[in-house]
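1. Turn this into a model:
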Amino acid sequence: MAEGFEVALRTLISVVVLFILTKLLGKRQVSQLSMFEYITGITIGSLAAYISLDLQSNWYLGLISLSVWVAVSFAMEFLQIKSKKVRDFVDSTGTVLIQNGKVLEENLKKERLTTDELMEQLRKKNAFRFADVEFAIMEPSGDINILLTRENQPLTAKHLGIKVSPEEAPQTVIMDGKMLDEPLAEIGFSRGWVNTELEKLGLTVDNVFLGQIDAFGQLFVDIYDDKITVPAPQEKTKLFISLKKCEADITSFGLSTRDKSAKRMYEQCSRELTKMIKELEPVLKR
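-> Next up, the predicted model:
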C-alpha cells in the first residue's frame, strides 16, 4: 500500500513537472516536430515513466535528468531562432521534388520517397497529375507543399480585378445558451441588441447553442434543435436592393423631367449613387 501511494505521488509530481517544462518549451513541441524534438519528446516521456515507477532509485535524480534534457532542448530552440545555420543543421532544409512540372528523381531518392508516396501526397493537395504541378517541395517537417501551374490555379477575385473588403474574425457572443459580455463589448454591441435580433427570429438566448456576430454586424445562430433551420441574415441584401431601386428611380426622374437644372441634378445624383453602389457591391453581395 505504501509503494502504491509512493507511485501515485511520484506520478502526480511527474505530470506537474512535465506540464510546466512542456509549457516552457512552447507549442512547437506538440505540433510539427523536428528530428531533435522527436528524440527529446521520447526521452522526456521515458524519464517521466522512470520517475514514477523506479522505486529503487532516488526520484529526484530523474527530475535532474529531466530538467537537463529540457534545458538542452530550450537552448537548442534559442540557437535555432538566432542562427539560420543552426536551423539548417538541426531541421535540415526543404527539398524540391517537382520543378516546372518535372519530377526530380535524384531528390526523391535523397528523401527515400517512392513514386507512389509522392503521388499520394499530391492527391491530398487535389493534384492528380504531376504535370499540373509547377513546384513541389518537401518541408523539414515532412509535409509536401505544392504550387499549381497558373492555368490550374483556382480563380480568385484578384484575377477578375474585383476589389473585396478585408475580412475580420467574427465574435462568438452566445455559447451553450449563455450570452458572453466580453466579446459583445469588444465589438460595441449590447445584450439588448442581441435580444432584439433573436426576437426577429422567434428565439431566446436559451434556444441558441452558438451565436456569432460578423464584421458587418450580422448575427448568425445555431440552435439546439437541429431539425429547425434558422434563416440567414438578409440585411445586406435588402440594403443593396434598396440602393438599386433608388438608382433606378433617380434615373427615371432625370429622364422624365423637362427642367434642365433638375435634369442635371438628377444625372449628378445618379452618377454619385452608381459610384457608391459599385464601391459597396463587394461588401453587400458577399
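2. Pop the domain breakdown of this protein in here.
-> 2-89, 95-152, 171-233, 236-284 (automatic domain parsing).
3. Helices of the chain, residue ranges please.
-> Secondary structure of the chain (DSSP state H): helices at 2-25, 35-53, 59-82, 84-91, 105-110, 115-124, 181-187, 191-200, 235-256, 260-284.
4. Out of the domains of the chain, which gets nearest to residue 163?
-> The stretch from the domains of the chain with the least distance to residue 163 (CB to CB) is domain 236-284; that distance is 5.9 Å. C-beta: built from backbone N, CA, C; applies to glycine.
5. Can you tell me the closest non-neighbouring residue to residue 175?
-> Of all residues not flanking residue 175 in the chain, residue 210 sits nearest, at 6.1 Å (CB to CB, 6 or more residues apart in numbering).
6. Now for the one you found: which residues touch it?
-> 172, 174-175, 221-222 (CB atoms under 8 Å, 6 or more residues apart in numbering).
7. who's in contact with stretch 181-194?
-> Taking CB under 8 Å, 6+ apart as the rule, stretch 181-194 contacts 171-174, 179, 205, 211, 213, 217, 219.
8. quick one: pLDDT of residue 185?
-> Residue 185 carries a pLDDT score of 86 in this model.
9. can I assume residue 197 is in contact with residue 220?
-> No. Counting by CB atoms under 8 Å, residue 197 does not reach residue 220; the two are 10.1 Å apart.
10. So which of those two has more stuff around it?
-> Comparing residue 197 with residue 220 by neighbour count (other CB atoms under 10 Å), the higher total belongs to residue 197, at 19 against 13.
11. Okay, that one and residue 225: tell me how far apart.
-> The gap separating residue 197 from residue 225 is 18 Å, by CB to CB, to the nearest Å.
12. So residue 107 sits against residue 97, correct?
-> Yes. Residue 107 lies in contact with residue 97 (CB under 8 Å); the separation is 5.6 Å.
13. Looking at these two, which one has more neighbours?
-> The neighbour count for residue 107 versus residue 97, taken as other CB under 10 Å, is higher for residue 97 (24 against 17).
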